[in-house]
Every structure is written in C-alpha cells, then in structure tokens.
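Next come a sequence and a model predicted from it.
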Amino acid sequence: MPERLSQHLRPGIRQTQRLITGLLLLCLTWLSCGSDKGGGTTGPVDEAEPVRVGLLVPISGPWVKGLVWRQAAQRAIDEINAQGGVLDRSFELLVAETETVPSIAVEGARALVEDGVVAVIGAGASSSSIMAAEQVLIPAGVLLISPSSTSPAIAYPELSSDQIDAFDYSGVVERAFGEQPDLIYLITYDQDGAKITVAATNHVTDDYIPTFLGCDGNASQAFLDNSAPGITEGMVGTVPIAPEDHVDYLAFVARVARYGIEPETFSESTYDAVYLLALATLHAQSVEPTRIAASMQTVSVGGTPVTAAQFSLARNLLRTGEDIDYTGAAGSLDFDDVGDILSGTYRIWRVEGGSFSVIQTTAFP
C-alpha cells in the first residue's frame, strides 16, 4: 500500500478499533478499582435486599440492540435466582437507556449508581461506555463490563438519530478524501454510514476508487438500502459473531429459545456478563465493587471448567476454596491483566450485488 495513510471516518470521531470481542469486558473501572470514594453499595446491606445489577443499553436510536440484551440478562438472572442467588440474596436487574448517545449514557449510569448497583453491564457503543465510565462509574468505584465495546480510546461524542438525519456530511467526507487515500475505514452505524457513502460519490472517479472497509455497525440491509451502490459494491468488513458451533453457545440458544428469545450479536456476551458477575461475587464473598472486580479474572482463567448450567457446582467449588474457569455462551472468557478477552470469532463480509455475502469466518487465538 502506498505511503498515504488510510482514513478513519466517523462523524465527530477518530477511533482505533481493536478487534477484540466475543465477550469483550472493557473493565474501565478495573484501572481505578482502588478508589476510596466508593459506590452506593460499600456500606452494610440488609441480607434480604437483592444485589442490584445495572444494564446500560441502547433501546432506541441508531443501534437498537438493547431489548434482546435485556432479555438475555434477565434470563441469566432468573436462572441464577432459581439456584439460590448469590450470598443468600437474589440478583435484580435495573435497566437504563443510552439511545447510543454518550451524554444520555452518562445520565443512565448516574441513575443506576444512585439506585445502588454493584456493577453496570453496557453501554453498547464504545463512546458511551467510555464516557459513562470516566464521568460516573470510575469516580463512584463501580465496575463496568461491556459485552460489545471494542475501542480503547475515543475522542468525541456521537450524534443522535435526529442529529444524524440533519447533519451535512460533505465537509467530513471532503477532509477524508483530501489526500486520496487508498482505504476508507467506515466506522459508522447504518444511518450515518449511508449518508457518508452518498456524499462520497462526489469524490470517486473512474481513475480513483478507494477500497471501503466497514464494521459491524454498518453490516445491515438498512445501510445498503440507503447508501450509494457505486460506493458500497465490493465493500468489505468484519462483524463479531458468537462461536456458533460451540457446545455452550448452542446450549444458550436452546435455553433462551424456550422463552421466545432469538439471540442477536452480543446477547450471549450479555448473558455471560451476568454469570461472571455472580461467580466473581461468590469468590469475593462480597458485594463491594472493587472486590468483585478483583475476582473477575480468578473465576474465568484456570481451575475446574464450569458453565452456566453448572452454577450450583461452581458455587460449591468456590465454597470449598477450589478455583474455577467459567466457559460461557460466547466461548472461552480468559481475561488479560487489563480486562480484555483474549479470544473471539469474526465474520468477514463483502457487498456483492447489493447484498452481504460471507467470505470467511475466523477465530482467535
């Protein structure tokens, strides 16, 4: 590839997207879990009071995934409670909306902390997760677990659906095309991505046609239906997927199907996040967020293998001082020292004839 740098294109955002998923637990609060400010759960708690878990998800807006994630989280909580809960207490799910807007995610995180959650699962979009962590959760000493955020650093907030509709992308596109890069990395959702492709038609000629690379946020038919076909035809991209042949994922699908839940991307990771929280709480013998955070890696790396269906066994093993290794619906969930998952499965797609086709599925490690 020539020396010209590829452009990362997203309205108001420059992002380096790290391809780590499956269950990517972006435990941003892990980095400051020694905070002495504490959350709303650091004091004595009535034993009859449930352990509250927050879910911060996009239920509306340009990336509506939260409803299925909520179903998956609630299913995990119901299963855990049916097996005796945690520390003789039940789990309770509290849900806050993000609309895929970081400022709204911040308000949702603040409401969850005020309601006394021990941890927050979410927030979906990386920018929402990071802003909620930096402005609310880290100062409160509350653990954040993201089943879907993949970017380690994002500089500017995203636009709401209405703002995207009104936004003129011609200036953004002109800057991206200024040096005629060979690769355009389109890190968008379907609505903004489609508008960008339309604006890009003014910069593509017979002599200059850059390669477009997409991501999971624009791997949808709605994106193709509203985009410029001359731009998107031949476009390639990646989308994280569940390990569809993995025995524990198939067991997860069978369990939630009995309740009319059809899994979507990251629903299995949301389900696993609840189980990991429960197991880490059992290992820590505490509902104090910093102690739960310190136990997350312990219950997911090494030790006796356990699955969601073996929660009671896992509880007994932990009670006797045994180490456990939770393998979830998303597959292996081994953390590194900063809270990232070391495995994942990706589907590589290409746009052909106005539709998506799968050209390869790859997994790591």
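Received it, and whenever you're ready, just let me know what you need. Numbering: from 1, shown residues only.

Show the residue spans covered by the helices in the chain.
Using DSSP state H, the helices of the chain run over residues 66-82, 102-114, 126-132, 138-140, 161-166, 170-176, 190-200, 221-226, 229-232, 247-257, 267-284, 289-296, 311-319.

As a markdown table, those helices with distance to residue 120 would be great.
(Glycine included, C-beta is placed from N, CA and C.) Compiled in a markdown table, those are given as follows (distance: least, Cβ to Cβ, whole Å):
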| stretch | distance to residue 120 |
| --- | --- |
| helix 66-82 | 11 |
| helix 102-114 | 6 |
| helix 126-132 | 7 |
| helix 138-140 | 10 |
| helix 161-166 | 23 |
| helix 170-176 | 32 |
| helix 190-200 | 26 |
| helix 221-226 | 29 |
| helix 229-232 | 36 |
| helix 247-257 | 22 |
| helix 267-284 | 10 |
| helix 289-296 | 10 |
| helix 311-319 | 22 |
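
Residue 353: how many residues sit nearby?
Other residues lying near residue 353 total 7 when counted by other Cβ atoms under 10 Å.

Tell me how far it lies from residue 233.
Counting by Cβ to Cβ, to the nearest Å, the gap between residue 353 and residue 233 amounts to 8 Å.

Ok, residue 182 next?
17 Å.

just residue 109 next, same as before
41 Å.

Settle it for me: which of these two has more neighbours?
Remark: of residue 109 and residue 233, residue 109 carries more neighbours, 29 against 15, as counted by other Cβ under 10 Å.

Quick check: the residue nearest the centre of the chain vs residue 315, distance?
In the chain, the centroid-proximal residue (Cα atoms, centre = their mean) is residue 148; its distance is 1.3 Å. Counting by Cβ to Cβ, the separation of residue 148 from residue 315 is 28 Å.

Next: residue 217.
In terms of Cβ to Cβ, residue 217 sits 38 Å off from residue 315.

more crowded one of those two?
Higher neighbour count among residue 217 and residue 315: residue 217, with 23 against 20, using other Cβ under 10 Å.

For the more buried one, give me its contacts.
Residue 217 sits next to 63, 187, 188, 189, 190, 193 when contact means Cβ atoms under 8 Å, 6 or more residues apart in numbering.

where does the residue nearest to the centre of the chain land on pLDDT?
On pLDDT, residue 148 comes in at 79.

One more: the one 4 residues further on?
At residue 152, the model reports a pLDDT of 50.

Then residue 275?
On pLDDT, residue 275 comes in at 97.

Now for it, how many residues are close by?
Neighbours around residue 275, by other Cβ under 10 Å: 24.

do the same with residue 234
Neighbour tally, residue 234, other Cβ under 10 Å: 12.

Repeat that for residue 115.
Look at residue 115: counted by other Cβ under 10 Å, it has 13 neighbours.

Residue 192 versus residue 49, what's the distance?
43 Å.

neighbour count winner among those two?
Using other Cβ under 10 Å as the criterion, residue 49 and residue 192 rank with residue 192 on top: 27 against 13.

quick one: contacts for residue 100?
Taking Cβ under 8 Å, 6+ apart as the test, what residue 100 contacts is 58, 61, 62, 63, 124, 125, 128, 158, 160, 161, 189.

Return the member of those residues nearest to residue 212.
Set against residue 212, the nearest of the contacts of residue 100 by Cβ to Cβ is residue 189 (15.3 Å).

ok, now how distant is that closest one from residue 130?
To residue 130, residue 189 is 17 Å away according to Cβ to Cβ.

Over to residue 146?
9 Å.

next one: residue 308
Relative to residue 130, and taking Cβ to Cβ, residue 308 is found at 29 Å.

swap in residue 274?
Distance of residue 274 to residue 130, computed by Cβ to Cβ: 22 Å.

neighbour count winner among these two?
Legend: neighbour count by other Cβ under 10 Å for residue 274 and residue 130, higher for residue 274 (28 against 23).

pLDDT score assigned to residue 206?
Listed pLDDT for residue 206 reads 90.

Let me know the distance separating it from residue 351.
In this view, residue 206 and residue 351 are 20 Å apart by Cβ to Cβ.

Comparing these two, which residue is more hemmed in?
Ranked by neighbour count (other Cβ under 10 Å), residue 206 and residue 351 place residue 351 first, with 22 against 5.

Settle this for me: that one is touching residue 230, isn't it.
No. With contact defined as Cβ atoms under 8 Å, residue 351 does not count as touching residue 230 (11.3 Å).

can you list residues touching both of those two?
By Cβ under 8 Å, 6+ apart, no residue touches both residue 351 and residue 230.

ok, now which ones touch residue 236?
Residue 236 neighbours (Cβ under 8 Å, 6+ apart): 211, 212, 213, 214, 348, 349, 350, 351, 359.

how close does the third one get to residue 258?
The one in question is residue 213. From residue 213 across to residue 258, the span is 39 Å (Cβ to Cβ).

The fourth one now?
Between residue 214 and residue 258 the computed distance is 35 Å (Cβ to Cβ).
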